[in-house]
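Q: what's the 3D shape of this:
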Amino acid sequence: MPSPQDPGDWSSPGHIHSLVLMAVTLAGLYLCYRMALPLLPALAWALAFALLLVPVQRWLEPRLRSPGTAAGLLVLLGGVGVLFPAMLVADRLLDEVARGGGAITAMLESGQWRRSISAYPLLVPAADWMEAQFDLPETANAMTAWLTTAVASLARESLLQAIGMILTLYLLFYFLRDRRAILASIEALSPLARADTQRLFGVVDDTVHATVYGTLVIAMVQGTLGGLMFWWLGLSAPLFWGVVMGLLAIVPVLGAFIVWIPAALFLLLDGSGGKALVLTLWGAIVVGGIDNLLYPMLVGRRMQMHTVLAFVSIVGGLALFGSAGLILGPVIFAITRLLLEIWSRRGERVAASRYTAEPMPPGDTP
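A: Next up is the predicted model:
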């Protein structure tokens, strides 16, 4: 019979105490997760911005002689540089949608679109069918009203986004100011060896840099290419629409096509079929395909992850976590891969130690 102090006796007071402690700890972790869940987007973006701004924070700290002052200055500049431009773009977008919808409705009501389509015999049967099936001016009015309502709803929701951004900036301040203490706490609590923990920090840093910088650079390139084509074709507000296309390109399930497809349709109805064809080809082949060329170079190489896995991690992360998934998806993939490598390495060491410790059967040669 095992004694009360026998390590194999799970009914001993020591084991019961450990089990209770483990259960309470797991319950506490679960409650902490549930409490942090509403703040997950703000936490994820604050972490991403902190990792991106750490080099600037290190440069400012000795010059301002205060980590708090340096962090506060960066947060202030970040708020001014993000919140105000976002509000201006949202307000201008509402005006442009209403103006564009009114112009298309006027074309349909005046019959100008029929005269424009008649110059392209191949499109005339399709135009006749559409005119017979739909009340085009009424449809255009309904679409304009829907778009205006959608953009207005987006503008209203931008207030909630602004609150989330303020919370992100609040968390960012402490992530920057107290980064050394935070990293030391994580390292102390980590069950991994010090070298593996440091490697984990490096993987997270590389993943965030690759994801954010890669996504932003690709969006800037797509917005620039789209805006330049708008300017070359003589469309209105090319700078503004280039910015909008760049912002839309950040979200994988959306893209710049939401802007250039209606613009190509407008050119076609206006009698500029050649320009519409040029814009369609440019948008579909150049603007839409540039990410397939740049993404593996900017993101996949630094993350050391196949393009398909990187794509799945971002799109799956967005589906699971919302906007925070753009950061959390790739980070979770990268951490999981590192942990699997650590387990594989430990398994190889255990197998090697068993092989060297066991005597070789008689007659076997190394």
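Q: which helix or strand contains Gly325?
A: Element membership of Gly325, judged by DSSP states H and E, is helix 325-357.
Q: what packs against that helix?
A: helix 40-64, helix 194-232, helix 307-321 (3 or more C-beta pairs under 8 Å, 6 or more residues apart in numbering; DSSP states H and E). For glycine as for every other residue, the C-beta is placed from the backbone atoms N, C-alpha and C.
Q: could those helices be laid out in a markdown table, adding mean pLDDT and distance to Leu339?
A: A markdown table is the format used below for these (pLDDT from 0 to 100; distance: least, C-beta to C-beta, whole Å):
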| stretch | mean pLDDT | distance to Leu339 |
| --- | --- | --- |
| helix 40-64 | 87 | 19 |
| helix 194-232 | 86 | 8 |
| helix 307-321 | 78 | 15 |
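Q: among the ones you listed, which is nearest Val286?
A: Smallest distance to Val286 across these (C-beta to C-beta): 5.9 Å, for helix 194-232.
Q: tell me what angle the closest one forms with helix 40-64.
A: Angle of helix 194-232 versus helix 40-64, following axes from the mean of the first three to the mean of the last three C-alpha atoms, to 10 degrees, is 100 degrees.
Q: mind listing what's buried in helix 194-232?
A: 196-197, 200, 203-204, 206-212, 214-215, 217-219, 221-227, 229-230 (16 or more other C-beta atoms under 10 Å).
Q: and it, what does it pack onto?
A: helix 40-64, helix 179-189, helix 238-249, helix 257-269, helix 288-295, helix 301-303, helix 325-357.
Q: sorry, back to before: and the average pLDDT for the helix holding Gly325 is what?
A: Helix 325-357 carries an average pLDDT of 79.
Q: could you chop this structure up by domain?
A: Following automatic domain parsing, one finds the domains of the chain at 40-189, 192-353.
Q: how long is the last one end to end?
A: In domain 192-353, first residue to last residue: 20 Å (C-alpha to C-alpha, to the nearest Å).
Q: swap in the first one?
A: End-to-end distance of domain 40-189: 21 Å, with C-alpha to C-alpha as the criterion.
Q: tell me which of the helices and strands packed on helix 194-232 lies nearest to Gly164.
A: Minimum separation from Gly164 across the helices and strands packed on helix 194-232 (C-beta to C-beta) falls at helix 40-64, 5.7 Å.
Q: any idea how far Leu73 is from Leu176?
A: Separation of Leu73 from Leu176 (C-beta to C-beta, to the nearest Å): 10 Å.
Q: hmm, back to that, adding distance to Leu19 and mean neighbour count, write the helices and strands packed on helix 194-232 out as a markdown table.
A: Shown next, in a markdown table, are those (distance: least, C-beta to C-beta, whole Å; neighbours: other C-beta atoms under 10 Å):
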| stretch | distance to Leu19 | mean neighbour count |
| --- | --- | --- |
| helix 40-64 | 30 | 18 |
| helix 179-189 | 21 | 12 |
| helix 238-249 | 52 | 20 |
| helix 257-269 | 55 | 19 |
| helix 288-295 | 48 | 15 |
| helix 301-303 | 40 | 17 |
| helix 325-357 | 25 | 15 |
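Q: make CSV out of these and add distance to Thr25.
A: Below are these laid out as CSV (distance: least, C-beta to C-beta, whole Å):
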stretch, distance to Thr25
helix 40-64, 21
helix 179-189, 12
helix 238-249, 43
helix 257-269, 48
helix 288-295, 41
helix 301-303, 33
helix 325-357, 20
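Q: other residues contacting stretch 192-205?
A: Outside of stretch 192-205, the residues within contact range by C-beta atoms under 8 Å, 6 or more residues apart in numbering are 51, 183, 186-187, 190, 331, 334-335, 338, 342.
Q: now these in a markdown table, with distance to Leu267?
A: Shown next, in a markdown table, are those (distance: C-beta to C-beta, whole Å):
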| residue | distance to Leu267 |
| --- | --- |
| Leu51 | 43 |
| Leu183 | 54 |
| Ile186 | 55 |
| Glu187 | 59 |
| Ser190 | 58 |
| Val331 | 42 |
| Ala334 | 44 |
| Ile335 | 48 |
| Leu338 | 50 |
| Ile342 | 56 |
